[in-house]
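Asks: Generate a structure from the sequence data that follows.
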Amino acid sequence: MQLEDLLEATTLHKASDLHLLVGRPPIWRIDGRLTSLPKYKQLLDLQTVETMIGTLLNESQKKIFKERKELDFSFDYQKKLRFRVNVYMQKKLPALAARSISYKIPTLIELKLPPLLSRIANLRQGLILVTGPTGHGKTTTLAALINKIIKTRAVHVITIEDPIEYVYESETSIISQREMYNDTLSWSNALRSALREDPDIVLIGEMRDYETIASALTIAETGHLVLATLHTNSAAQTINRIVDVFPEEQQDQIKLQLSSVLEMVISQRLVPGISGGRLPATEIMIANSAVKNSIREGKITMLDNIISTSSREGMHILEMSLADLVKSNFISRETALSFALRPRDLLRLLSST
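Replies: As a prediction, the model looks like this:
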C-alpha cells in the first residue's frame, strides 16, 4: 500500500479527509461520513505509517515533529489537489489526518451560499467572521470571498494561516500569504507586523486566543477589512466567545470596540443531502444598529430575536436555512433536526407550511 494510491483514492472518491492510524485500515470522510474502502482493508502497521509520513516531511519538519509531537503543513499532489495535513502522536504512535483542498477556488454561487455575501467584496473596512465546527467549509467560504475581492479590486491582501490552504492568484492585486513557522514564528508577531506591510485586507486563518482576537479588532479599527474564522456555533455564541476571552475589567471596552467594527457573522454547517453530497446551512447576522446596540450594551441574548425578525435585511437564524432546505427536498427532516441549535424553532418553521 502506497501513499500515492491513498491520495488518488481521495481524489477519485471526492473525499474531504484521509486518516492513517496504526492498527486501522485507511479511513476516508466522504459526504461527511467516515468510511473505509473495500480495496484498502489492510491494517496499517507502524513501519508503513512512519514511511508514509516520512515521505511528506523535510528534515526541518521531521525535527519539529519529533520535538512537538504534532505538526501542521500543506503540500501539492501532482497538480491535482492540495492537502492540509496534521501529523500527530496518539498512544505513542504516529498518525496523520489530511484534508483535501481543490486548486480551483469555488465561487459563492458554486458553494450555494446566500447571494448577499457578495456585498462583502465592496467593503473597505470592518470585521467579517465565518464560524462553525471544524470541517464545515469555513476556509473555503473565506477563500471564495477573498477571490471575489481580488478579481474585482486592486488591493493588498495579507493572509496569516497555519498552514496555507488555498493559493490565490491575481494580476491586479498583491497577495502576501504567510504560513506559520515557515514565514513567521508566531501569530502575535505576524499580526503586529501586518499593519506595517501596507495591507488593505487581512485574513486570519483562525482567531484562537486573546492575542489574535485583540489584534483582529485593532486592525479592523484602524480602517482595514479583516476576515477571520472562529469555532462557534451561532452568531450570539460568537459574540460571547470574543467578549469572554478578555479579562472582566476590559469587557465593556471590547463590547464597544466590537460593536464599532463588526460587519457580519456567517455561521455555517455542511449538511448531508438526500441525493448525496453536502449542502450549506447558514446563519447570518448583519451588524445593523440594533445588533450594534445589543453588543454595546451587553444584551447578547437579544441577538437571536433581532436576526429572526430582520429577514428583510437578509438575516436568518440557522433553523430558517435548514427549514428552507427541507421544504426544497434537499435534506431530510431528520437531518435538519440533528443539525438544529433550536429544534423547537425548526419544528415551528416546518409546521408553518
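Asks: Need phi/psi at the residue nearest to G23 when sequence neighbours are not counted.
Replies: Closest residue in space to G23, ignoring its immediate chain neighbours: L43 at 5.9 Å, by C-beta to C-beta, 6 or more residues apart in numbering. Glycine gets a C-beta too; all of them are placed from N, C-alpha and C. When quoted as degrees, to the nearest 10, the phi and psi of L43 stand at phi -70, psi 140.
Asks: What's the per-residue pLDDT of L43 here?
Replies: What the model reports as pLDDT for L43 is 96.
Asks: which residues does T184 bridge with?
Replies: M180 (DSSP bridges).
Asks: which stretches of the stretch 1-150 of the chain aren't confidently modelled?
Replies: For the stretch 1-150 of the chain, no stretch is flagged by pLDDT under 70.
Asks: That one: helices as residue ranges?
Replies: Here the stretch 1-150 of the chain has its helices, by DSSP state H, counting those that start in this stretch, at 3-12, 46-56, 59-68, 138-152.
Asks: Please apply the same query to the stretch 201-350 of the chain.
Replies: Counting by DSSP H, counting those that start in this stretch, the helices of the stretch 201-350 of the chain are 210-221, 235-244, 251-261, 289-296, 303-308, 318-327, 333-339, 343-351.
Asks: For P25, see how far away the spatially most central residue of the chain is.
Replies: Closest residue to the average C-alpha location of the chain: K138 at 2.5 Å, with C-alpha atoms, centre = their mean. According to C-beta to C-beta, to the nearest Å, K138 and P25 sit 29 Å apart.
Asks: go on, L56?
Replies: For L56, the distance to P25 equals 19 Å [C-beta to C-beta].
Asks: next one: N240
Replies: 41 Å.
Asks: Output the below-cut-off pLDDT ranges for the stretch 251-353 of the chain.
Replies: 353.
Asks: Excluding covalently adjacent residues, which one is nearest to V226?
Replies: Closest residue to V226 apart from its sequence neighbours, by C-beta to C-beta, 6+ apart: A220 at 4.4 Å.
Asks: okay, that neighbour: pLDDT?
Replies: According to the prediction, A220 has pLDDT 97.
Asks: mind giving me the domain split of the chain?
Replies: The chain breaks down by automatic domain parsing into domains covering 3-102, 115-351.
Asks: Turn the ones you listed into TSV, columns for distance to I109.
Replies: As requested, the domains of the chain are exported to TSV (distance: least, C-beta to C-beta, whole Å):
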stretch	distance to I109
domain 3-102	15
domain 115-351	8
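Asks: Pick the most deeply packed of those.
Replies: Most buried of these by mean neighbour count (mean count of other C-beta atoms under 10 Å) is domain 115-351; its value is a mean of 18.
Asks: Quick check, the residue nearest to the centre of the chain in contact with Q268.
Replies: Yes. Counting by C-beta atoms under 8 Å, K138 touches Q268, with 6.9 Å between them.
Asks: list residues touching both of those two?
Replies: Contact criterion C-beta atoms under 8 Å, 6 or more residues apart in numbering; residues shared by K138 and Q268: V130, T131, G132.
Asks: if we take these, which one ends up nearest to N122?
Replies: Ranked by distance to N122 (C-beta to C-beta), the shared contacts of K138 and Q268 are led by V130 at 17.5 Å.
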